[in-house]
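> Got a sequence here, can you build the structure:
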Amino acid sequence: RPWLASVASGELAEDTTNREMEDPENNVPKLPHDKKWKQQQLPAWQPIATPRNTVITLALTGSLLLIIGSILVASNNQITQIVERYDNRCSLNATRCNISMSINEDMENSGNPLHFSYGLTNYFQTFRRYVKSRSDWQLADVDGTLETCDPLEKYDNGTTGSRTLYPCGLVANSYFNDTFKAFYCPPNSGTCELLTGDDWKSTDISWQSDRDKKFKARPLASDETNVGPQGFPLPPVDNENFIVWMRVAGLPTFRKLYSTVGRSFQKGGEVRVEITNNYPVSSFDGTKSIILEEVNWMYGKNDFLGILYLLWGCLCLISAVAFAVYQHVHPRVIGDPDLIPAVAKEVATT
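Next up is the predicted model:
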């Protein structure tokens, strides 16, 4: 069959390509402009991974990672942090519970206020049904559906009948409702002062984009309620502790900022935290803790990033040494024709 021979020789394919490129009206080929960009003739650099280049690249990369990791670890070690677990020391729904945080090192407020946070463990906020159960339209006070709040779009508390929840959804209605007050007791002093104002500030703790665009409070409508299954009124949706809670954590062990502390604490002093312990965690085997920490250019204390850089740096250096030793023991000449298989040689010569 003649057309098979044409296909085999490439004539048919070439003819088809030419016909597709021609302008049927003016019979002018539709060729790209004769420019390096459109003709794919731009200068390019294609590195060849020779053993020498590979060893040098791995050694330089490993050294750079070790330097960065050392800086991160050193900076992280300069941050003073105090963590106290309290769920096992405070009775649930008790009137008040006092936890003391001893200041063993000076905690300086040098341009960045200290952070007071609460921490939870074994709490999976990224569970699919949980994280999807919210209405960003309702939170931003714009027209939109509430069906995304399933299964907590409405709630019947047994007295007022079924009403639309505001805010609706599992994320909002699992709001962390423990409250905290802090008192600072200077060293060698028998009195403690309540932290207020800029010394205990619960504003500017959320993302500004969330405050400006995503959370807009409004009064309750007649067919709405802000009391959900937990049995307490939820705060306004523009409350910053609520906004912080609504930005779900990616890992089951997390902490969320509760307030900033705009003062320094001296070594030997004590911070006493008065806690209203309302939030149950025993049902999912979780724990609760309070965290007081300094803040520097790395934000808060976090060992993970620095250790990760050090591990990858060590891995790169070990790989560089392994490649160098192997190349020294079993050298390979680049471009040696004897390394080409015999079959490939026959194909190349025919």
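
> Tell me where this structure has strands.
81-85, 97-102, 114-120, 154-156, 162-165, 179-185, 193-194, 224-225, 254-261, 270-276, 288-293 (DSSP state E).

> Please name the nearest non-neighbouring residue to residue 62.
residue 316 (3.1 Å; C-beta to C-beta, 6 or more residues apart in numbering). C-beta here means a position set from N, CA and C on the backbone, and glycine is covered the same way.

> Over to residue 284?
Spatial nearest neighbour of residue 284, excluding adjacent residues (C-beta to C-beta, 6+ apart): residue 122 at 5.7 Å.

> Please tell me how far the nearest residue to residue 302 once chain neighbours are set aside sits from residue 293.
If the residues on either side of it in the chain are set aside, residue 302 comes closest to residue 76, at 6.5 Å by C-beta to C-beta, 6+ apart. According to C-beta to C-beta, to the nearest Å, residue 76 and residue 293 sit 11 Å apart.

> which residues are in contact with both of the two?
Listed as contacting both residue 76 and residue 293 by C-beta atoms under 8 Å, 6 or more residues apart in numbering are residue 301.

> For residue 154, see how far away residue 104 is.
Looking at residue 104 against residue 154, where the rule is C-beta to C-beta, the gap reads 51 Å.

> More neighbours: those two, which one.
Neighbour comparison, residue 104 and residue 154: the larger count goes to residue 154, with 16 against 11 (by other C-beta atoms under 10 Å).

> For the closest residue to that one other than its chain neighbours, name its beta-bridge partners.
Among residues not flanking residue 154 along the chain, residue 162 sits closest, at 5.0 Å (C-beta to C-beta, 6+ apart). With DSSP bridges as the criterion, residue 162 is bridged to residue 156.

> thought residue 162 was touching residue 153?
No - the criterion here is C-beta atoms under 8 Å, and residue 162 misses it with residue 153 at 9.8 Å.

> Which one's more surrounded, these two?
Shown here are residue 162 and residue 153; by other C-beta under 10 Å, residue 153 has more neighbours (18 against 11).

> pLDDT score for the more buried one?
What the model reports as pLDDT for residue 153 is 92.

> ok, it touching residue 138?
No - contact between residue 153 and residue 138 fails when scored by C-beta under 8 Å: they sit 9.8 Å apart.

> what sits in contact with each of the two?
With C-beta under 8 Å, 6+ apart as the test, residue 153 and residue 138 both reach 146, 168.

> Tell me who's in contact with the nearest residue to residue 83 once chain neighbours are set aside.
The shortest distance from residue 83 to any non-neighbouring residue, by C-beta to C-beta, 6+ apart, is to residue 291 (5.1 Å). Residues counted as contacts of residue 291 (C-beta under 8 Å, 6+ apart) are 81, 82, 83, 115, 116, 117, 118, 119, 255.

> and what of residue 213?
So residue 213 contacts residue 140 (C-beta under 8 Å, 6+ apart).

> Could you find the closest non-adjacent residue to residue 216?
In space, residue 216 is closest to residue 141, 4.0 Å off (C-beta to C-beta, 6+ apart).

> any idea how far that neighbour lies from residue 302?
35 Å.

> what's stretch 81-94 in contact with?
In contact with stretch 81-94 (C-beta under 8 Å, 6+ apart) are residues 97, 99-104, 119, 271, 273, 275-278, 280-282, 286-294, 300-301.

> follow-up on the earlier one: ok, what's across the strand from the residue nearest to residue 83?
Beta-bridge partners of residue 291, counted by DSSP bridges, are residue 83, residue 117.

> Since that was my last question, I'll sign off now.
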